[in-house]
Each structure stands twice: as C-alpha cells, then as structure tokens.
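# Structure for the following, please:
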Amino acid sequence: MYRYLLFDADGTLFDFDSAETWAFDTTCREIGVEPTLDRLQDYKEANRQVWKEFEQNAIDLDSLQTERFARFFLAQGIVADPFKTGRRFADHLSHAGQLYPETIPLLEELRDRGYRLSLITNGISNVQHGRLDSSKTKQYFDVICISEEIGVQKPRKEFFDRFFNLANLGQSDKQRCLVIGDSLSSDILGGNNAGIDTCWYNPSGKPKDPDIRPTYEIELLQELLALLPPLE
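Okay, the predicted model is just below:
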C-alpha cells in the first residue's frame, strides 16, 4: 500500500500553460515585442527543446534560461538580449502560481486520508519557491525537492536517491512510494529508473511510449482518489 506520494509540479498540480503565457506576454511587452500566438508557439518550441536537453544533461539550468530566448529570438528575427530577457521572464514566472481548480481539494483529501505528500520538480529554485508562495501550497508538502537545489534532475536515478535522503526514507520504502506526473520522459522514466511505481497524468491523451511504462495512467487528477484509499 502506498503512503508517500511524489507529485510533479508543472502540468500536474500547477497550470503551467496559463502561467507561462502570462509571463511570456508580460516579458514581451516590456521589451517592446508584440506577444502574438505565433511568437508564443516559437518560444514554447525553443523552451521544449532546451528542457529536453536539460533532462539529458546536455545543458545546465543557468544556460537554459538564456538559450531558450536566444533560440526564440533567432526564429523570430528579434534583436534583444536573451540573458536579460531570460531573467526577466523567470522573475515574472516566479509570481505566477496558477493551479488547476482540482489541485487544492485533491491535496487536502489525500492529506486527510493519511498520505505524506512531496513535490519533485526540475524547476529553477527561486521560480518554484515563488510560485509555491503565491499559490499558498507549501503547507501541503513534507518535502520539496527541486533539481537546482540538489544538483541533479529527473529522470536520473540520482534525483530520487537524493529525494530519499531528504525525506529520510530507506530503500525498503520504495514500494510505498508513487510518482505522479504528466511527463513520460521526466516523471515516469525517472520513476522507472529509480524502481518506483508511477502514475502518468495524461489529460490530453498523448501517445504512449513502449520504452517508458507507467504503473497507472489517468486522465483526471480526481482519478487518483480511486487508486489511493484512506490509510488505516
């Protein structure tokens, strides 16, 4: 029976699309660029590429913040400073704590059922702490594990080893843990690498990857409640 729930942040509990769009629009206007849908899509593609490279350990987190805007500016023919823009964007994002409507009720119910909740994220430390503060969600988590703070990222096994140290859990506790996240390549593969059961939150019906196997798959966060009965 599970007791320890390891939640991803963005795209799982946090409505990252809304937060990202707001931060992007605000940043573009500050540098004199009209935030069109076409530009947002080019930024998202550049951002997707660099985060994939980060998961593969091909780029560090500090460089990522600049590189995503360097690629976006190149695609759009925009002349601007990607370093300064990247830091400005991160600052705005740190104040964007948008949650999915079901997040707080779910966390409260799971905590009432006796589960211990943790947050595991490949985020930028000051950005994630800012969003946790603005959303008033820190109180729900026994452990908050951020890749920048522990020096390693999902899906590497070492990320979960360091989480276990932070949570004061032993290897025998793995069978009582469940990783819950929306990313196959980060959350679910990370759980696979660490030997931990996983639940893939897949609201948009993304295609499966035969090489990455979640223990469970759900379309709605509330479906977790059927998997996680009250603990005695």
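# what's the longest helix anywhere in the chain in contact with?
Counting residues, the longest helix found in the chain (DSSP state H) is helix 37-55. Identification of contacts with helix 37-55 by C-beta atoms under 8 Å, 6 or more residues apart in numbering yields 20-21, 24-25, 28, 33, 59-61, 64, 67-69, 71-72, 75-76, 122, 153-155, 185-186. In short, each C-beta sits where N, CA and C put it, glycine included.
# Can you flag the buried ones in those?
Buried subset of the contacts of helix 37-55 (neighbour count, 16 or more other C-beta atoms under 10 Å): 20-21, 24-25, 28, 33, 59, 61, 64, 67-69, 71-72, 76, 122, 153-155, 186.
# Of those residues, which belong to strands?
Assignment to strands by DSSP state E places none of these there.
# picking up where we left off before, where's the longest helix of the chain relative to the chain centroid, distance-wise?
The chain centre lies 15 Å from the centre of helix 37-55; the measure is C-alpha atoms, centre = their mean, to the nearest Å.
# got the buried residues for that helix?
Neighbour-count burial for helix 37-55 [16+ other C-beta under 10 Å]: 39, 40, 42, 43, 44, 46, 47, 50, 51, 54, 55.
# What of stretch 179-197?
179-184, 186-194, 196-197.
# and if you look at stretch 203-213?
residue 212.
# Offset the numbering so it begins at 313, please.
Let's use 313 as the start, then, which means that last one is stretch 515-525.
# Could you list the low-pLDDT ranges of this structure?
Along the chain, no part satisfies pLDDT under 70.
# Please enumerate the strands of it.
Under DSSP E, the chain gives strands at 316-319, 428-433, 455-458, 489-493, 509-513, 528-530.
# Reformat those as a markdown table; add distance to residue 422.
Shown next, in a markdown table, are those (distance: least, C-beta to C-beta, whole Å):
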| stretch | distance to residue 422 |
| --- | --- |
| strand 316-319 | 6 |
| strand 428-433 | 6 |
| strand 455-458 | 15 |
| strand 489-493 | 10 |
| strand 509-513 | 12 |
| strand 528-530 | 14 |
